[in-house]
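Visitor: Pasting a predicted model and its sequence here:
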Amino acid sequence: MTHSRRILLTMTIGIFICILDTTVMSIALPAMQSGLHTDLAHLSWALNIYTILFACLTIPLGRIADIYGRERLYLVGLSLFFLGSIASGLAPTVGFLIAGRALQSVGAAIVFPASMTIGIQSTSLAGRTQDIALLGVTQGLAAAFGPTIGGVLTQYFGWRTIFLINLPLALATLGLCLHLLDWHHTGGQHETLDIPVALTSMLAFFSLSLLLIKGNDWGWTSWRIIGLMGTCGLALALFLLIESHVAQPMMPLALFEDQQFNGAAIVTVAAGIFFVALMVILPSFFTKIQGATELQAALMITPASLMLFICSPISGFLLSKIGPRAVIATGCLAILSGYITLSLSNPAVYWQVSIALMLSGAGYGVIIGPVTVLAAGDFSGKLLTASQSVIGVFRQIGTSLAVAIFVSALSANISTAKITVSHHAEQDVAALTIPAKAKRDTLKAVNHQLTTERVSAYQHSRNPAAHSRPLPSRSTTGTRAASTRTNQAPNSRPS
């Protein structure tokens, strides 16, 4: 194996652990909530802080890497990620966990763009397309397998291992980098960091990330969200104004004069929205609505991950035959077909859902390599670093948009279903010939289950055989639970 190939493969490890930690934690939230004795509102910040800081710091830290030496700063970032993983894995409280995740995110904001740039620059021009595609595929695999890895580790080894698993990988990467990279390189001799540009960019992406993450919780028309929208718009306008007049821009606007780069950015956001939505939202649907365990939910979305793994090498082959645009168009059609299939499928019949997952996974697997090739284009030097930093930010924005859009839709559907179930329960109970107190107790039990979202769990605990049948759909789950309650003895207690 050549020296450049060893560098490239080393960079894929760094990329994998950085992207893995954007999705690996979501499936483990219930176990973490119990282990740390905290509520979901506080625990969610351990998930959110990673996305927010990643988006805010990637561009400024990419610029700092140009100034002080990319290889040298890469080692710093990897060390920070290592320490953050230790802190997160051993966290005694939720506050300590949030701090550990913040440290992880700072390290990832350094490691991710540096890994892409070092990996691309290590390749020859002749093999550049295939090597860049490999770096892109690594990102897709990490995002796709995150929930599955998180579910398996949490089930069999405890939630702390989802962070501690990073340690051997980070140590191996650190050792390889010390051996392979010229980490004495000091970067540009006359490069400078424009502080106002850095601050305005961080404020813009912080506001955007926070409003996307908390919009559903705070309300999209609340004063906090409107304030964040205004702050984001103002900061972004100032950022672009300053960038257009400085001698050494942190994010050269020349990037956006390249049609190929613009197309790659749009596809990165769009593909992230539609694929990450399935990988993040469906496990919540399976657990909260259909009563599956976290491990079952993680395994149920595995068809998408497997198809991504299978189709990614095929996209590399097609890339040299028909070009990146045709490959990306094919992948987009596959994702669209997956969503159409999902909209027509019965959620109670898993094989129908799995077809939709396979189509979407195949589409994303076909897209992720070529779109990375398009984003890198023919850039070199500072433009190459900036392009990878910006695409990294767009990837995080796509993830945040996916969660914002589909969590809002899922929450709205759940609220509607709860109202419907409550209404039917009131009608059913009113028709029963039982004492008034028994009616009140029955309705109280139904409303308690709806409030705590334990309807499905109750239904499955009362009927163990349900685990061997296709999982029930949202509407039938709530109705059966309410119906079961209304037909129990008057003095029965909720399980």
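Guide: Good, I have the coordinates.

Visitor: so where is the protein shaky, pLDDT-wise?
Guide: Scanning the chain for pLDDT under 70 picks out the ranges 125-127, 184-191, 406-414, 452-495.

Visitor: okay, now the domains of it?
Guide: 1-193, 194-249, 413-486 (automatic domain parsing).

Visitor: who's in contact with Leu43?
Guide: With contacts defined as CB atoms under 8 Å, 6 or more residues apart in numbering, Leu43 is in contact with Leu29, Met32, Gln33, Leu36, Val94, Leu97. For the C-beta atoms, the positions are set from N, CA and C on the backbone; glycine is no exception.

Visitor: try 6 Å this time
Guide: Met32, Gln33, Val94 (CB atoms under 6 Å, 6 or more residues apart in numbering).

Visitor: Go through the residues you listed and flag which are in strands.
Guide: Judged by DSSP state E, strands contain none of these.

Visitor: between the residues you listed, which is nearest Leu308?
Guide: Proximity of these to Leu308 (CB to CB) peaks at Met32, which lies at 26.3 Å.

Visitor: With adjacent residues omitted, what lies nearest to that closest one?
Guide: Nearest non-adjacent residue to Met32, counting by CB to CB, 6 or more residues apart in numbering: Trp159, 4.9 Å away.

Visitor: can I assume that neighbour is in contact with Ile27?
Guide: No - Trp159 is not in contact with Ile27 according to CB atoms under 6 Å; the separation is 9.5 Å.

Visitor: neighbour count winner among the two?
Guide: Ile27 (30 against 23; other CB atoms under 10 Å).

Visitor: from what I can see the more buried one touches Ala298, true?
Guide: Yes - with contacts counted by CB under 6 Å, Ile27 reaches Ala298, the gap being 5.3 Å.

Visitor: Which neighbours do the two have in common?
Guide: Residues touching both Ile27 and Ala298 by CB under 6 Å, 6+ apart: Pro147, Gly151.

Visitor: State the helix or strand in which Gly107 lies.
Guide: Secondary structure assigned from DSSP states H and E places Gly107 in helix 94-121.

Visitor: How about that helix, which residues are buried there?
Guide: Within helix 94-121, the residues scored as buried using 16 or more other CB atoms under 10 Å are 94, 97-120.

Visitor: closest to Ile13 among the contacts of Leu43?
Guide: Checking the contacts of Leu43 against Ile13 with CB to CB, the nearest one is Met32 at 25.3 Å.

Visitor: can you tell me how far the closest one sits from Arg395?
Guide: With distances taken as CB to CB, to the nearest Å, Met32 is found 25 Å from Arg395.

Visitor: do Leu141 as well
Guide: Per CB to CB, Leu141 is found 14 Å from Arg395.

Visitor: quick one, which of the two is more surrounded?
Guide: Neighbour totals were compared for Leu141 and Arg395, and Arg395 leads with 25 against 21 (other CB under 10 Å).

Visitor: Determine the longest helix present in the chain.
Guide: helix 381-430 (DSSP state H).

Visitor: so which of the contacts of Leu43 would you say is closest to Leu153?
Guide: When the contacts of Leu43 are compared for distance to Leu153 (CB to CB), Met32 wins out at 12.0 Å.

Visitor: Give the buried residues for the helix or strand where Ile15 lies.
Guide: Here Ile15, judged by DSSP H and E, is contained in helix 3-23. Buried residues in helix 3-23, counted by 16+ other CB under 10 Å: 4, 7-23.
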